[in-house]
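Enquirer: Predicted model and sequence follow; I will ask about them next.
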Amino acid sequence: MAKYVLAYHGGHRMPESEEGMNKLVAAWSTWSDSMGGSLLDGGNPVGAAKTINSDGSVSDGGGVNPLTGYSLIEAGSIDAALDIAKGCPVIGNGGSVEVAEATDM
């Protein structure tokens, strides 16, 4: 089985109420639990970023669609990884999930 990085972009408008936060945490927990042994690393949300450009200059932020978090999963194919990613709560919150196979070196 191959490893896949799920890179989350956008979609993390944090709820202002405790009830909203509890719902968000429950959605992520339910999705994570549904993966069983496929979830290798639940990852973390990420904060403010800086980008080093090809000319060596540094820009604030992560570009047009900044990274907001990641996870590492194991799946039998890219299609299986996409099926797992489709359940990610970030998608229902206006974000997207980039799925990329991780290559062992």
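Expert: Good, I have the coordinates.

Enquirer: Wait, residue 38 touches residue 76, no?
Expert: No. The criterion here is C-beta atoms under 8 Å, and residue 38 misses it with residue 76 at 9.4 Å. Backbone N, C-alpha and C define where each C-beta goes, glycine included.

Enquirer: which of those two has more neighbours?
Expert: In this view residue 38 and residue 76 are compared by other C-beta atoms under 10 Å, and residue 38 has more residues nearby, 16 against 10.

Enquirer: my read is residue 69 is in a strand, agree?
Expert: Yes. Counting by DSSP: H, G, I helix; E, B strand; the rest coil, residue 69 is part of a strand.

Enquirer: can you pull the pLDDT of it?
Expert: Residue 69 carries a pLDDT score of 91 in this model.

Enquirer: Now for it: which residues touch it?
Expert: Taking C-beta atoms under 8 Å, 6 or more residues apart in numbering, we find residue 69 in contact with 7, 8, 12, 43, 44, 45, 46, 90.
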